[in-house]
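A.B. asks: Sharing a model prediction with you, sequence too.
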Amino acid sequence: MSWANAPDIDTSRPEKVDINAANAPALVNFLRRNAVRIEPAPADYEAKIRAGRLDAVIVVPDDFQEHWLSGDGARLEIVYDDSRADSGPATRQAERLLEAFNHETGMLRMIARGVSPDL
């Protein structure tokens, strides 16, 4: 499926995200379809990020799926240490993946309402 202005996802290399995925089955499905390896975020992810043992984590709130299904703003958070240059690639990867998920969600919602995504 090709939609105008779809964010580019590089599937030539395996990607990995650390995420508390239990609250976001739709996001997990999207990531798996895009060949992204999903790792559960450790409970102490903030300490590991500060210590430099983890680059970035996508934090999913408990009510994410409920808000996503209803079409409300479903917030996600990328936690990272911006003082570490080494975390930049993982952070940009997480941002790019979430942007692509958002774009796909919007396009599918338009199609469900009978609106062409090519407009």
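C.D. replies: Arrived safely, thanks for sending. All values derive from a computational prediction rather than experimental measurement.
A.B. asks: contacts, neighbours, all on C-alpha from now
C.D. replies: OK.
A.B. asks: Give me the next element, helix or strand, following the helix or strand of the chain with the lowest mean pLDDT.
C.D. replies: Within the chain, no helix or strand scores below strand 15-19, which has a mean of 76 by mean pLDDT, DSSP states H and E. If you walk from strand 15-19 toward the C-terminus, the next helix or strand you reach (DSSP states H and E) is helix 25-33.
A.B. asks: Who are the packing partners of the helix or strand following that next one?
C.D. replies: Past helix 25-33, heading to the C-terminal end, the next element that is a helix or strand (DSSP H and E) is strand 36-40. Contacts of strand 36-40 with other secondary structure elements, assessed using 3 or more Cα pairs under 8 Å, 6 or more residues apart in numbering; DSSP states H and E, are made with strand 15-19, helix 25-33.
A.B. asks: what's the most buried one of the ones you listed?
C.D. replies: Of the helices and strands packed on strand 36-40, the one with the most neighbours on average (mean count of other Cα atoms under 10 Å) is strand 15-19, at a mean of 19.
A.B. asks: That one vs strand 36-40, what angle?
C.D. replies: Direction vectors for strand 15-19 and strand 36-40, defined by axes from the mean of the first three to the mean of the last three Cα atoms, to 10 degrees, enclose an angle of 30 degrees.
A.B. asks: can you list contacts of strand 15-19?
C.D. replies: By Cα atoms under 8 Å, 6 or more residues apart in numbering, the residues outside strand 15-19 that reach it are 35-41, 56-60, 90, 94.
A.B. asks: got these as TSV, with neighbour count, pLDDT and distance to residue 48 columns?
C.D. replies: Below are the contacts of strand 15-19 laid out as TSV (neighbours: other Cα atoms under 10 Å; pLDDT from 0 to 100; distance: Cα to Cα, whole Å):
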residue	neighbour count	pLDDT	distance to residue 48
35	16	90	25
36	18	90	21
37	13	89	19
38	16	90	17
39	13	89	14
40	13	90	13
41	18	90	10
56	28	92	9
57	24	92	10
58	21	92	14
59	19	92	14
60	20	92	18
90	19	89	14
94	23	92	17
